[in-house]
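J.: 3D, please:
(one chain, ligands or ions: 2)
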Amino acid sequence: MQPLSPAPVQSSEEQPETGLPPRPVLCPPQWSQPSLPNGHSKNGNGGATWSIMNWVMTGGKSYCGTMGNAGSYVDLLGLMKESARSTMGDHDAGDYHGGAGADDGYGSGDVDEDDGPERVDGKAWRPLSRKVKIPDDILNPYRLLVFGRITVLVLFLMWRISHVNTDAVWLWAASVDCEIWFVLTWVLEQLPNLWPINRVAYIGVLKERFEENLKGRSELPGIDVFISTVDPEQEPLLVTANTVLSVLAADYPSEKLACYLSDDSATLVTLETMAETAHFAKLWVPFCRKHSIEPRSPERYFGLTRDPYKDQVRPDFIRDWRFLKREYDKFKVRLNALPDLIRRRSNVLNAREEVEAMRQFHLADDDLQIQLLRKKLSRATWMSNATHWAGAWLHPSQDHTKWDHAGIVQVLSLPQGCHPQCESHERRNGMSIDFKEVDPQVPMLVYVSCEKRRGYDNNKKAGAMNALLRASAVMSNGPFVLYLDCDQYVYNSQALREAMCFMIDHRGENVAFIQFPLRTEGVNICDRYSNRNRVFFNVNMRGLDGLQGPVYAGTNCMFRRIALYGFDPPKFNILYQHHTVKVSRPDDQKPLLVHSNLPGKSKWLKRFGNSHLFLDSIEDAENQAKPLPYQPEGKSGHKPVVQCEALTQEMVREAIGVVSCGYEEKTKLGRGVGWVYGSLTEHIVTGYKMHNRGWSSIYCIPKRDAFRCTVPINLTITLHKALWWATGILDQLRSS
Ligand SMILES: O=c1ccn([C@@H]2O[C@H](COP(=O)(O)OP(=O)(O)O[C@H]3O[C@H](CO)[C@@H](O)[C@H](O)[C@H]3O)[C@@H](O)[C@H]2O)c(=O)[nH]1
Ligand SMILES: [Mn+2]
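T.: Ligands and ions are numbered 1, 2, ... in the order given. Coordinates of the predicted model:
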């Protein structure tokens, strides 16, 4: 496997694929590989696992510091479908029998996004998004139907209450209670549906405002993408790797994108899979950019049933496609071999340690021999650089189990600078691919496993996400955070831009999060167990969007970082001069205030803990997320999230410090800041808290599904999930 070609290349050609103007380019330096001890190849499996930044830094103890009610909505669903343009054409042929299906695929509006709205005064300002009202003549019959049903239900209840069954009063009372409850829940669910809306984003205008005439530079704000995984057995690593690849290849400037994988299992195989993924991404990402590939998950792309050459005009496409397909197959073989490779490597190194121990034993005097006998050799799991793995070992040992291990942060890929860079060829095994016209940089990829110790609650996914929130703040501090479950891949490479249109639009500063619908693959056309949740994602959420905004559905959601930090929206914040609304609130709900009277950063210590890098990052996260007119320096744009030279050892060390399990103890994380703890459906509560503070949210349904996932269709799992949701929602009802 050859490393990147080191020769600097000057590209003077126009770049038709990216639409970016010509620019001078530099090539990244060649990465050096740490070596294994004698007799062991660096990558027995042929991958370049450690060719990137081998900064394994482990924090030891010292750091311790609804499903919808289908029947009731079918009518509205049908009507809304008519109002929105069907985008069946955007779907792959394979979708008919296994994909998300045409029903899920229609977009938000019936306007052409890329043409954008008319310019105001001939130039200057054009909005990035707009609401599209669903015509009243479509909604009115539905509204009439709802009010008709409510009237009938109320009349029915009045009749029930006035006709007491004296023979079985208790039975009568119980059934009337149930009926009232049913009517109440039905009405509560119906009312928000009466004013649904659609939205449209103008990606073309976004490009025009933030990227054109900037000599290849982009002024878009940074995004940190969080992906979580918890069990390499239940959540196949190939699926996670595909999700990561689809994120890295998303159409967003590579220096503005950072991807963090949270691994709650702390297994070495997950880390090595990610290292392989980062390596394969060096081919996959530029290939996607060069040929405008969709979708950008290789498993899904190479599995398409349609002709891959369709609509491809470049003469070198066939060659590149075959090359990438072969490389992807090899990548899969390497992933499959990883568990065995790690086991064999560990056996060899453990045996060597034992031999060394025996040698010392024979050389030692009696006292030392007794001491050595007492010291039981543990069977460690070894990394490819011949050091002990800090996470869970194959043979669990003290400090090395899933529930008891140090915090780990490892940077696996880093972009070089804020200007896209080109190199002529990527060579592997004698084959080469021409990347002269595209930016081959891969966004930052970081592996994180937060510290776990006995006596500390890790708070499952919410805990892992809050740890990522802190670690990413000190490393890249993207002002926006996209969360994806490990099985949700990016199906539409423009999705991040689409969300950004809403976030940085002129009224976007009060938007806390953009929720995308959860679309599923692998469900048969009948959708027997309602895995697609069509009513919830096509009707209820659109209805909520017409009010304060949709709920946070747990995944496929892009947040404004400072909204996650528990700050108030600008409309409650006197910082913004033209929003002078001042609201009186109880003490504990007072705005966190970006500019309070307290000196320095001490005002935030109790909420965010004592990491100075973290505290220093907060104001920056706020400024970087502002729509450009609010930039203090005028039109300075948004800075890159992180670059090779900007990421220091100190930052990585600090990231390990903030993912330690003791860090949260004296903070408000999990209680008003970040993902909320203590609820089965923590996502719903997390979203509610933001709405409660006055933030709004937006429901974004791009024409082509933004993200997709594969869901189980087996009845047991479906019932288990339904029970989980129901318990969680009941739990919320009981809580304050
Ligand atoms: O201790 C844990 C448990 C889960 N996860 C991750 O959380 C995600 C969701 O967990 P899963 O068990 O797959 O739950 P689902 O029911 O499939 O997910 C839905 O429901 C969850 C809450 O019930 C939400 O958190 C999810 O975002 C939402 O997609 C997955 O990526 C897991 O890897 C962790 O990181 N740590
Ligand atoms: Mn899941």
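
J.: does ligand 1 have contacts with stretch 680-693?
T.: Yes: using C-beta under 6 Å from any ligand atom, stretch 680-693 reaches ligand 1 at 681, 683. Every C-beta, even on glycine, is put in place using the N, C-alpha and C of the backbone.

J.: alpha carbons only: can I get that stretch in CSV?
T.: What follows is stretch 680-693, C-alpha atoms only, in CSV (Å, rounded to 0.1, in the frame of the first residue of the first chain):
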residue,chain,number,x,y,z
LEU,A,680,-35.7,6.6,28.7
THR,A,681,-36.6,9.0,25.8
GLU,A,682,-33.8,11.5,26.5
HIS,A,683,-34.1,13.0,23.1
ILE,A,684,-37.6,14.2,23.5
VAL,A,685,-36.8,15.9,26.8
THR,A,686,-33.6,17.4,25.3
GLY,A,687,-35.7,19.0,22.6
TYR,A,688,-38.4,20.2,25.0
LYS,A,689,-35.9,21.9,27.2
MET,A,690,-34.8,24.0,24.2
HIS,A,691,-38.3,24.8,23.2
ASN,A,692,-39.0,25.8,26.8
ARG,A,693,-36.2,28.3,26.7
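
J.: residues touching whichever residue of the stretch 551-700 of the chain sits closest to ligand 1, list them.
T.: Residue of the stretch 551-700 of the chain nearest ligand 1, by C-beta to the nearest ligand atom: Gly554 (2.9 Å). Residues in contact with Gly554 (C-beta atoms under 8 Å, 6 or more residues apart in numbering) are 485, 681, 683-684.

J.: these in strands, which ones?
T.: Among the contacts of Gly554, DSSP state E puts Asp485 in strands.

J.: export the contacts of Gly554 to CSV and append columns for distance to Asn531, pLDDT and neighbour count.
T.: Converted to CSV, those look like this (distance: C-beta to C-beta, whole Å; pLDDT from 0 to 100; neighbours: other C-beta atoms under 10 Å):
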residue, distance to Asn531, pLDDT, neighbour count
Asp485, 15, 96, 21
Thr681, 18, 85, 20
His683, 18, 91, 22
Ile684, 19, 90, 21
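
J.: Val409 belongs to a helix?
T.: No: read with DSSP: H, G, I helix; E, B strand; the rest coil, Val409 is strand and lies in no helix.

J.: and it, what are its bridge partners?
T.: Met57, Val448 (DSSP bridges).

J.: make 728 the first number, not 1, from now on.
T.: Got it, first residue is 728 now, which makes that one Val1136.

J.: tell me the contacts of the closest residue to Phe1044 other than its chain neighbours?
T.: Taking C-beta to C-beta, 6 or more residues apart in numbering, and ignoring the residues beside it in sequence, Phe1044 has His1018 as its nearest neighbour in space, at 5.7 Å. Contacts for His1018 (C-beta under 8 Å, 6+ apart) come out as 744, 1039, 1041, 1044, 1047-1048.

J.: what about His1018, distance to Thr1000?
T.: His1018 is 26 Å from Thr1000, where distance means C-beta to C-beta, to the nearest Å.

J.: picking that back up, tell me which of the contacts of Gly1281 is nearest to Asp951?
T.: Asp951 has its nearest neighbour among the contacts of Gly1281 in Asp1212, at 16.0 Å by C-beta to C-beta.

J.: dihedrals phi and psi, the nearest residue to the closest one once chain neighbours are set aside?
T.: Nearest non-adjacent residue to Asp1212, counting by C-beta to C-beta, 6+ apart: Thr1282, 4.4 Å away. In terms of degrees, to the nearest 10, the main-chain angles of Thr1282 are phi -150, psi 180.

J.: give me the number of residues near Thr1282?
T.: When neighbours are defined as other C-beta atoms under 10 Å, Thr1282 has 21 of them.

J.: hmm, Leu1209 and it touching each other?
T.: No: using C-beta atoms under 8 Å, Thr1282 is not in contact with Leu1209, being 9.8 Å away.

J.: list the beta-bridge partners for the residue nearest to the spatial centre of the chain.
T.: Nearest to the mean C-alpha position of the chain, by C-alpha atoms, centre = their mean, lies Tyr1210 at 2.7 Å. Counting by DSSP bridges, Tyr1210 is bridged to Phe953, Cys1284.

J.: repeat for the one 5 residues further on
T.: On DSSP bridges, the residues paired with Gln1215 through beta bridges are Cys1436.

J.: need the pLDDT of the residue nearest to Asp1212.
T.: Thr1282 carries a pLDDT score of 95 in this model.

J.: also the one 10 residues further on?
T.: pLDDT, the model's per-residue confidence, is 94 for Tyr1292.

J.: what's the distance between the nearest residue to His1410 once chain neighbours are set aside and Cys1253?
T.: Closest residue to His1410 apart from its sequence neighbours, by C-beta to C-beta, 6+ apart: Gly1281 at 3.7 Å. Gly1281 sits 25 Å away from Cys1253, going by C-beta to C-beta.

J.: now swap in His1233 and tell me
T.: Taking C-beta to C-beta, one finds His1233 at 45 Å from Cys1253.
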